[in-house]
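Undergrad: I'd like to go over a predicted model; first the sequence, then the structure.
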Amino acid sequence: MQLLRNNNLAIKWEDGKLEILDQILLPVISKYVAVKGVEDGWKVINKMQVRGAPAIAIVGCLSLAVEIQPEVFTDKKSLRQEIEGKLNYLVSARPTAVNMKIAAEDLITLSNQLSKDDSVSAADMKERFLKAIDAMLEKDIADNKAIGRHGAQAILNNGAGDSLVRVLTHCNTGSLATAGYGTALGVIRTLHADKKLEQVYCTETRPYNQGARLTAYELVHEKMPATLICDDMVAALMKSRTISAVIVGADRVAANGDTANKIGTYQIAVVANYHSVPFYVAAPFTSIDFTIPNGDRIIIEERPEREMTHINDQRVAAAGIQCWNPAFDVTPAALITGIVTEKGVYSPEELKGLNVSEKLQD
Ligand SMILES: CSC[C@H]1O[C@H](OP(=O)(O)O)[C@H](O)[C@@H]1O
């Protein structure tokens, strides 16, 4: 089966071969790393060589496709068992983002259905499973384009009649975090394409520096009007300039709208609330965890202290100091103006009110 090609910035998927752009080395070095199976997939996700909730799910599932594609299965039970075991292993690579968990659940459900269907051979089951993974890439990009349209419209509608808007974003939510175009950065791309973007401010996003190293890289590459600020400059910026809106991504949105996102998001939401700046979360439905009622249940990943104490192996903190390095925080729904999804923009109350059919409907 000719597997779909997908040559976006972060992921190269062609003829059953998978390579990822090593994001730890950006922006100075652009180096692709081969992912030859699930073990490699787990490692590049856990080490954050590839990161971003949607990209984690896509690379995780593609790493399984790399393994399964050349194998010949004579019985469906062994294929089903391999699929379930390896997808559950991939979910363990990083605990906070929900996309890999949702993708695993959906693909295991498909695998179980195909395994029980006597009209489906083992070869057919493999082919349909691989096609489902390929479809994830296309769907992610389509979802991001829709998020871009809905989010840009919401910001312009909220912009008090401004013909041009000034937006702030945090971390990286662009083509380096998804299958392409991006979520929050997709909204910014849409504003720019529509000639409505006066300025985008991106935060450095310590300690991994997704903003300074990755978002700035994407913004400069596309010649968007952008300004880099340190994480501790957000309040001063909002005090001195009229920011139209904040737009950030999400790793896991709870059923009530509480949102886990990169550490520092919560304090930006508090400052935005103080300055009456609308605060939007851009997230596909694949980032929304309707099984948890609120953000209290979201596991917050803690990363190695070396990610705080060193930059490119250069020590920047006193040896011996204790560190606390949570990779995410949870922004309460009360501080969120709207959750921008591919299906439209929902207030937290509207999200909470969605019935099951709307949640699952494609
Ligand atoms: C569309 S990416 C969503 C989310 O993922 C990032 O986290 P990380 O770089 O640790 O994978 C960040 O929280 C983004 O907002």
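TA: Structure received. Numbers count the residues shown, from 1 in each chain.
Undergrad: right, and residue 147 touches residue 178 too?
TA: No. Look at residue 147 against residue 178 with CB atoms under 8 Å: they stay out of range, at 9.8 Å. The C-beta positions use only the backbone N, C-alpha and C, and glycine is treated the same way.
Undergrad: Which one's more surrounded, the two?
TA: More crowded of residue 147 and residue 178, by other CB atoms under 10 Å: residue 178, with 33 against 30.
Undergrad: my read: the more buried one touches residue 57, true?
TA: No. Applying CB under 8 Å, one finds residue 178 not in contact with residue 57, separated by 9.6 Å.
Undergrad: ok, back up a step: what sits in contact with each of residue 147 and residue 178?
TA: Common contact partners of residue 147 and residue 178 (CB atoms under 8 Å, 6 or more residues apart in numbering): residue 186.
Undergrad: So, low pLDDT: which residues of the stretch 51-200 of the chain?
TA: In the predicted model, the stretch 51-200 of the chain carries pLDDT under 70 at residues 159-160.
Undergrad: Swap in 80 and give it another go.
TA: Scanning the stretch 51-200 of the chain with the threshold set as pLDDT under 80 gives 159-162.
Undergrad: Spell out which parts of it neighbour the ligand.
TA: Residues of the stretch 51-200 of the chain lying near the ligand by CB under 6 Å from any ligand atom: 51-54, 171, 173, 177-178, 183.
Undergrad: Which one of these is nearest to residue 198?
TA: Residue 198 has its nearest neighbour among these in residue 173, at 19.8 Å by CB to CB.
Undergrad: Doesn't residue 178 belong to a strand?
TA: No. Applying DSSP: H, G, I helix; E, B strand; the rest coil, one finds residue 178 to be coil, outside a strand.
Undergrad: dump the residue contacts of it.
TA: Here residue 178 is in contact with 10, 52, 54-55, 58, 140-141, 144, 186 (criterion: CB under 8 Å, 6+ apart).
Undergrad: from the chain, which residue is nearest to the ligand?
TA: The chain approaches the ligand most closely through residue 249 (2.9 Å), counting by CB to the nearest ligand atom.
Undergrad: partners of the strand or helix carrying residue 345 in the sheet?
TA: In the assignment (DSSP states H and E), residue 345 maps to strand 344-346. If you go by DSSP bridges, strand 344-346 pairs up with strand 338-341 (antiparallel).
Undergrad: Does the partner strand reach the ligand?
TA: No. Strand 338-341 is not in contact with the ligand by CB under 6 Å from any ligand atom; minimum separation 11.8 Å.
Undergrad: now that strand: mean pLDDT?
TA: Here strand 338-341 scores 98 as its mean pLDDT.
Undergrad: hey, C-alpha coordinates of that strand in CSV?
TA: C-alpha atoms of strand 338-341 as CSV (Å, rounded to 0.1, in the frame of the first residue of the first chain):
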residue,chain,number,x,y,z
GLY,A,338,-13.5,30.7,24.7
ILE,A,339,-12.2,27.4,23.5
VAL,A,340,-11.5,27.5,19.8
THR,A,341,-12.1,24.2,18.2
